[in-house]
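*Asks:* Provided below for reference: sequence and predicted model.
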Amino acid sequence: MINLKPATFKLGLIGYPLSHSKSPELHKGFLSKCGLKGEYKLYPILPDDKNALKTLLNRVRSGEIHGLNVTIPHKQNVIPLLNGLSDTARTIGAVNTIVFKGGELIGENTDAPGFWKDLQELLKTREDLLNPPSFCAMPPHALILGAGGAARAIAYALLNTGWDITLATRAEDISQVEELIADFNIEIPECDSKLTNIELNTTSLSPLIPALSLIVNTTPVGMSSHQQGSPYPKDLPFPPNALLYDLIYNPPQTQLMQDAEKAGLKVRGGIGMLKAQAELSFETWTGCKL
Ligand code: NAP
C-alpha cells in the first residue's frame, strides 16, 4: 500500500502582523498529539503584496507546503488566487484554511463550525436552546455586535442552525450589513429565520432586549491591543437569562464579559473558538481526528 501522507507536514499561517499569533503553539500541540512530524510557520505578507501571496500559494500547489491558515488582512485577498471554495467559505466570503486536493487549491472556512462547536459549551447551560426542532416554531434570537469578517462567520453558523439574528453596528457601517444581508438571505430554506440590522445604541436596542437569548461580540472593542472598554451601551440593561459569547481571547476576560457576568449572564470568551477552528483546519490537512 502506498502511504500518501508526507513524512513531515509543512503547515503555516498567512497574515499581517503575525507576531502575537497563538497558531504555531496550537498546531505544534496537534502534531505531537497525532504522532506526526511537522512544522507550522508564520508567513507575514503585507496587505498589498499580491505577488508574495501568489508565490506562497504556488508552493502549496507544488506540494512543498501542505496546508495554510489565513488571517487578517488576507481572508478575502486569497479568494481570486484559488481554484475553488467550499460552500461555507463562499457564503461567508472569507477563507481561513487552504488545502490542496484533487489537483486544486481549495479555500475553506472553519471559523463558522469552530464557533458553533465551542458555543455548544455555553448552550449546555440553557438546554432549551440546544433543541433544534423548536427553532422553526419559535426561533431563539441572537444579537451580534459588529458586522465585519468574523460577524459573517457567526451569522452563517447561527442562521444555518435556525436562529434569528440581529446585527448591531455603528451608524456609518450600513454597507457592510447590506452586503451581508444580500449574501445570506438565500441560505435559509427551512425555517423562516430573520436577519436584520440595528444601530449599536440604547434607543435602537432597548425594544429587542427581552427577546434575546444570546449576545455575541465580534467587534475588537476590549481586545488588549485595541480600544479598551465594552462595545455594549453603558445604560442598556442585559437581557435576563441570556448567554454572552465574546470572540476576543486576549484578554481572556473582557470588560463586556465582566459586566455581563455581574448582571447574571453565563459568559464565554473566544479561546475555545480559536482552538476549535484550528482543530478543524488541522483535521482537513492531516486527516488526524483530534
Ligand atoms: P473586522 O472585519 O475588522 O470587523 C470588526 C467589526 O467591529 C466591524 O463591523 C467594525 O465596524 C466593528 N467595530 C470596530 N470598532 C468598533 C467600535 N469601537 N464600536 C462598534 N463597532 C466597532 O474584524 P474581524 O475579523 O471581524 O474580527 C473582529 C474580532 O473578532 C477581533 O477581535 C478578532 O480577534 C476576533 N476574532 C476571534 C476569533 C476566534 O477564533 N476567537 C476568530 C475571528 C475573529 P467598522 O467597520 O465601523 O469599523
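*Replies:* Sure thing, it's come through. Because the structure is predicted, anything quoted here is derived from the model rather than measured.

*Asks:* by mean pLDDT, flag the weakest helix or strand of this structure.
*Replies:* Lowest by mean pLDDT, DSSP states H and E among the helices and strands of the chain is helix 133-137, with a mean of 54.

*Asks:* what's the first helix or strand after that helix?
*Replies:* strand 141-145 (DSSP states H and E).

*Asks:* okay, helices next: where are they in the chain?
*Replies:* For the chain, the helices defined by DSSP state H occupy 23-33, 50-61, 87-92, 111-123, 133-137, 149-159, 174-184, 202-205, 255-262, 271-286.

*Asks:* now the third one: mean pLDDT?
*Replies:* Yep, that's helix 87-92 we're talking about. Average pLDDT, helix 87-92: 92.

*Asks:* tell me the buried residues in that helix?
*Replies:* Neighbour counts over helix 87-92 (16 or more other CB atoms under 10 Å) mark 88, 89, 91, 92 as buried. Backbone N, C-alpha and C define where each C-beta goes, glycine included.

*Asks:* closest to the ligand out of those?
*Replies:* residue 92 (10.9 Å; CB to the nearest ligand atom).

*Asks:* next one: phi and psi at the closest residue to the ligand within the stretch 151-290 of the chain?
*Replies:* Here the residue of the stretch 151-290 of the chain nearest the ligand is residue 270; by CB to the nearest ligand atom that distance is 2.9 Å. Backbone torsions of residue 270, given as degrees, to the nearest 10, read phi -90, psi 0.

*Asks:* residue contacts, it?
*Replies:* Counting by CB atoms under 8 Å, 6 or more residues apart in numbering, residue 270 touches 245, 246, 247, 248, 249.

*Asks:* same thing but 10 Å
*Replies:* 114-115, 118, 150, 216-218, 223, 245-250, 252, 254 (CB atoms under 10 Å, 6 or more residues apart in numbering).

*Asks:* return only those of those residues found close to the ligand.
*Replies:* 150, 218, 223, 247, 248, 249 (CB under 6 Å from any ligand atom).

*Asks:* quick check, pLDDT for the second one.
*Replies:* Same thing as residue 218. What the model reports as pLDDT for residue 218 is 96.

*Asks:* cool, the fifth one as well?
*Replies:* The per-residue pLDDT reported for residue 248 equals 96.

*Asks:* of all the contacts of residue 270, which comes closest to residue 74?
*Replies:* The shortest gap between residue 74 and any of the contacts of residue 270 belongs to residue 150, at 14.6 Å (CB to CB).

*Asks:* can you get me a residue count around the closest one?
*Replies:* 25 (other CB atoms under 10 Å).

*Asks:* same thing with residue 115?
*Replies:* 25.

*Asks:* residues contacting it?
*Replies:* Going by CB under 10 Å, 6+ apart, the list of residues near residue 115 reads 150, 153-154, 156-158, 216, 218, 245, 247, 270, 272-274, 276-277.

*Asks:* residue 231 against residue 143, yeah?
*Replies:* No. Using CB atoms under 10 Å, residue 231 makes no contact with residue 143, being 11.0 Å away.

*Asks:* overlap in contacts, the two.
*Replies:* What both residue 231 and residue 143 touch, as defined by CB under 10 Å, 6+ apart, is the set 168, 200, 215, 217.

*Asks:* who does the third one bridge with?
*Replies:* So that's residue 215. Using DSSP bridges, the bridge partners assigned to residue 215 are residue 143, residue 244.

*Asks:* and residue 123, how close does it get to the ligand?
*Replies:* 17 Å (CB to the nearest ligand atom, to the nearest Å).

*Asks:* what is the burial count for that residue?
*Replies:* Neighbours of residue 123 (other CB under 10 Å): 20.

*Asks:* for it, what are its contacts?
*Replies:* Per CB under 10 Å, 6+ apart, neighbours of residue 123: 116, 129, 130, 131, 140, 213, 214, 243, 245, 266, 268.

*Asks:* who does the closest residue to residue 74 other than its chain neighbours bridge with?
*Replies:* For residue 74, ignoring the flanking residues on the chain, the nearest one in space by CB to CB, 6 or more residues apart in numbering is residue 14 at 5.3 Å. Beta-bridge partners recorded for residue 14 (DSSP bridges): residue 43, residue 70.
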